[in-house]
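J.: Let's see this in three dimensions:
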Amino acid sequence: MTSTINKIVLFIDGANLYATAKTLGFDIDYKRLLKEFQSRGTLLRAFYYTAIIEDQEYSSIRPLIDWLDYNGYTVVTKATKEFIDASGRRKVKGNMDIELAVNAMELAEHIDQMVLFSGDGDFRSLVEAVQRRGVRVTVISTIASQPPMIADELRRQADVFTDLVELQSKLGRDPSERPAPRDREPRNHMPKFLQQPKGNDPLV
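T.: Alright, predicted model coming up:
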C-alpha cells in the first residue's frame with residue numbers, strides 16, 4: 001500500500017496527550033503535529049477530544065480549542081459532571097472515551113490507519129475491534145516516564161507503539177519561537193566574564 005492511499009485519522013485524547021507531553025517536559029505544537037501526519041499519507045480527519053467545565057466564565061483550554069477548530073481539527077467537547085465522592089470530596093468527571101470510540105467505529109471501514117494519542121488502557125478493546133476491520137493502529141504515548149503513561153495492555157494491542165519522546169523534535173513547540181529570531185546570533189552567547197554580576201568587578 002503506497003502512502004498516497006494510506007488514509008489516516010487521528011484520535012487525540014486531549015487531557016491524556018497534554019499530561020504526557022507535560023511529564024516529558026515539552027509543549028505540543030499542533031500545527032506541526034498536523035503537518036507530520038499529512039506527510040505520512042492522506043489525513044482525512046484529526047479529532048481532538050476534551051471535556052470543558054461549563055459554568056466557568058473563562059476556561060484556560062478555550063483559546064486552544066478555538067485555535068484547533070479554525071486550523072484543521074475536529075474538536076469534540078462535552079461538559080464535565082460534578083459529583084461528591086465517597087469521602088465527601090467534590091470531583092469533576094469528564095471522560096471522552098465513548099465519543100472517541102463511537103467515532104472510531106463509524107470511520108473504521110473508510111480508513112487504513114488509526115493513530116490514537118492516549119495511554120488509557122480502556123481503549124484496548126476499541127483498538128482490537130478496529131483492527132478486526134482491517135485497520136492498522138498506531139498508539140502514541142510514553143514509557144519514558146516513571147511510571148509509564150501508557151497501560152501495558154494497550155501498548156501490546158497496538159500494531160505500532162510510538163513513544164511521544166521520539167516525536168519531540170517533530171511535534172514539540174520550538175522554544176526559540178517565543179523569543180525574537182535574533183537569538184540564533186552568536187553575540188547572544190555572552191563570554192563568561194561578561195556574565196558576572198557587576199558588583200564583583202573591581203572597576204565598577
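J.: in the protein, which ranges drop under the pLDDT threshold?
T.: 1-4, 54-59, 90-94, 175-204 (pLDDT under 70).
J.: repeat that with 50
T.: 1-3, 179-194, 198, 202-204 (pLDDT under 50).
J.: which ones are touching the closest residue to L64 other than its chain neighbours?
T.: Leaving aside its sequence neighbours, L64 sits nearest to Y30 (CB to CB, 6 or more residues apart in numbering; 7.9 Å). All C-beta spots, glycine's among them, are computed from the backbone N, C-alpha and C. Contact analysis of Y30 by CB atoms under 8 Å, 6 or more residues apart in numbering lists 64, 67-68, 71, 73.
J.: got it, and K31?
T.: K31 makes contact with N71, according to CB under 8 Å, 6+ apart.
J.: separation between it and W67?
T.: For K31, the distance to W67 equals 9 Å [CB to CB, to the nearest Å].
J.: cool, and L154?
T.: 28 Å.
J.: What of Q131?
T.: In terms of CB to CB, Q131 sits 33 Å off from W67.
J.: likewise I53?
T.: For I53, the distance to W67 - CB to CB - is 19 Å.
J.: cool, A15 as well?
T.: 17 Å.
J.: of these two, who's got more company?
T.: Between A15 and W67, A15 has the larger neighbour count (other CB atoms under 10 Å), namely 17 against 13.
J.: Skipping its backbone neighbours, what lies nearest that one in space?
T.: T50 (6.2 Å).
J.: ditto for L10
T.: If the residues on either side of it in the chain are set aside, L10 comes closest to A46, at 4.1 Å by CB to CB, 6+ apart.
J.: Appreciated, that's everything.
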